Structures are given as C-alpha cells and as structure tokens.
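Colleague: I'll drop the sequence and a predicted model, then ask my questions.
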Amino acid sequence: MKRKKKYNSKAIQKKLLRILVVLVLIVLTLGSLTLAKYMSQLNSDKIIGRPDGFYFESDYLTVNNSPYEMQNWNRDKDYSFIVDIRNFQDSLRASEMDVSYKLEISELGSNVTASLNGDNVTSNTTFTMSADQTVTDQLLITVPKGKTPSNNKIQIKATAVPESSNGYSKEISAVFTLIENSSTFELQLENHKDYYDLLIGVAKSGQTMTINWPSGFTPDSTVTELKSASTTSASYTTNGDDTSVRLRFFVTGTIDKTKSFSVKDSSGNEKAVKISNAQ
C-alpha cells in the first residue's frame, strides 16, 4: 500500500510570502523610477520649456541640422544662395515676443561672406526680430570667386533666445554641400523646317569648340563661328565666360533624323543631340 506524500503547509506559505515580498519590492522600485523620471521631466519643462507665443523658423535650418546639396557651384565665379529666418510658423502664428539670435557660419571671413538684409554679418552680431509682426530676415551666403570651403561644405547655425526666456533657447542649423558644375557647355537644337539652329552655351573663356554635323546641311557662313567651316565640321574659340552662340544650318539635302549634331570642348568633353530630338 502506497503512503500518501505529506505537504508542509507552513513551508509553502513561507515560500509564497517570500515571492510576494520580492514582487512587491520590484513593483515599488519600478514605480519609483517612473515617478522620478516624470517629476524630472515636469520640472525641466517648467524651467526651460518653450514660452507660449514664441516662434523661430527657417526655410532651410532645422533642429535636426538638415543636409542640403547646392547644385551648379562654379569656383571660377561668385556663388550665392539665400536662407530665410522667420519669427512665425505661418500667417496665424507669429511670435508674441522679441526674438534675439546669433549666427554661426563656418569659415566666415575666409572662404565665405554673409549679409543679413544687406548688412554684413560678423560672428558676434546679435539680430532681433520684433514681436507682434511677421518678420523674415534674408541671409545671403556668398562663396567668392576662387574660394573653396573645406570639403565643399558650409555649416550655418542660428541660436535664438526669446524675451524673458527663463533659460530657454532654440538652435536651428543646416549643412550645405556645394556640388560643382562639371559641365562646361550646354547644347540645344531647334527645328525650323527649312533650317536648324544649334545653340551652344559655354561657361569658360578660351575654350576651343569643335562642331560636327551630318550631311544634308549647309552652315550659315555669315556667322563668325562658321566662316571657316568645312562640309560637316567647324571650330571656334570662346572669348569670355558664359558665352552663347546661335549657329544656323540650312537643310539643302536629304537628312537622316537618327543622326546627331555633336560638340567637343578643349578638355575633350563631348555632347551630342539627335536631329529627331530637336525642339
């Protein structure tokens, strides 16, 4: 006959009590940490929270230090772009207090110049936007001809302190990467039925441009750039930066619209435009 296993009820109760005590301690500890975190955040918000009716915004600068690529930079000429700084969110939400702010611009005075609403910017200048009206300050950033910022980047940071801020400030910023224009010239072909016009725009002076075209066309030799043209080719040299020419080619034979006009510069860069793609 099997004996029944005896259970010590007092021992079991003690184990359960210990487990309960441990669980209660864990809950109390977690609760205390959560409460402490909440109170800390609450006090922080009271001390440095954004004042009601305060706005400091921009079309480029953000609290996340946004990155941007600025296209068509040409180090052989002045390059500029504008950043707007505002004291309003939209037409219905404008700052109800004066906003004072400072600007930090990388390499200001060496490789970069800046002006705000036409006045020169220095590193220690404080600017103010008055309350109760929508104000947009225009920051003009210029990279002078021949200057190159480090890594082709410009960092702009604006830090604002509202009137009666109680320690609150707002920082907005952005990084602008200058992308150099690698193209030295552009082409466009126009179809006028009895003749075609080839438009060539060249960025730099002193470039020898070589033009080739298919059979069936006769160049307009009254144009300076085509005076020495052969049957299907010609060349000329640019005199000045940012020059453009319009070269005319009369249709005097059968043309194959799958063929192209092509242009090559002194550096060997070549571009072509198909006759079928003429505008």
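Modeller: Nice, I can see it.
Colleague: OK, contacts around residue 187?
Modeller: Shown in contact with residue 187 (C-beta atoms under 8 Å, 6 or more residues apart in numbering): 198-200, 261, 263, 271-273. Using the backbone N, CA and C atoms, a C-beta is placed for each residue, glycine as well.
Colleague: How about residue 55?
Modeller: Residues counted as contacts of residue 55 (C-beta under 8 Å, 6+ apart) are 86-89, 93-95, 99.
Colleague: and of the residues you listed, the nearest to residue 50?
Modeller: For the contacts of residue 55, the closest approach to residue 50 (C-beta to C-beta) belongs to residue 95, at 11.0 Å.
Colleague: Isn't the closest one up against residue 52?
Modeller: No. At 10.5 Å, residue 95 does not count as touching residue 52 under the criterion of C-beta atoms under 8 Å.
Colleague: on that earlier part again, tell me the buried residues within the contacts of residue 187.
Modeller: Among these, those buried by neighbour count (16 or more other C-beta atoms under 10 Å) are 198, 200, 261, 263, 271, 273.
Colleague: How about the contacts made by residue 87?
Modeller: Shown in contact with residue 87 (C-beta under 8 Å, 6+ apart): 55-57, 94-95, 99, 129, 131, 134-135.
Colleague: Could you look up the next helix or strand downstream of the helix or strand bottoming out on mean pLDDT in the chain?
Modeller: One helix or strand of the chain scores below all others by mean pLDDT, DSSP states H and E: helix 9-48, with a mean of 57. Next helix or strand after helix 9-48 toward the C-terminus (DSSP states H and E): strand 57-58.
Colleague: What strand or helix carries the spatially most central residue of the chain?
Modeller: Computing the C-alpha centroid of the chain and ranking residues by C-alpha atoms, centre = their mean puts residue 68 first, at 2.4 Å. In the assignment (DSSP H and E), residue 68 maps to strand 66-73.
Colleague: Next SSE downstream of that strand?
Modeller: strand 79-86.
Colleague: just to revisit the earlier point, check the secondary structure at the nearest residue to the residue nearest to the centre of the chain once chain neighbours are set aside for me.
Modeller: Leaving aside its sequence neighbours, residue 68 sits nearest to residue 176 (C-beta to C-beta, 6 or more residues apart in numbering; 5.2 Å). Under DSSP: H, G, I helix; E, B strand; the rest coil, the three-state class of residue 176 is strand.
Colleague: do the one 10 residues further on as well
Modeller: Look at residue 186: counting by three-state DSSP, its state is strand.
Colleague: burial of it, as a residue count?
Modeller: 13 (other C-beta atoms under 10 Å).
Colleague: which residues pair with it across the strands?
Modeller: residue 201 (DSSP bridges).
Colleague: returning to that earlier point: next step: the contacts of residue 187 restricted to strands.
Modeller: Among the contacts of residue 187, the members falling in strands are 198-200, 261, 263, 271-273 (criterion: DSSP state E).
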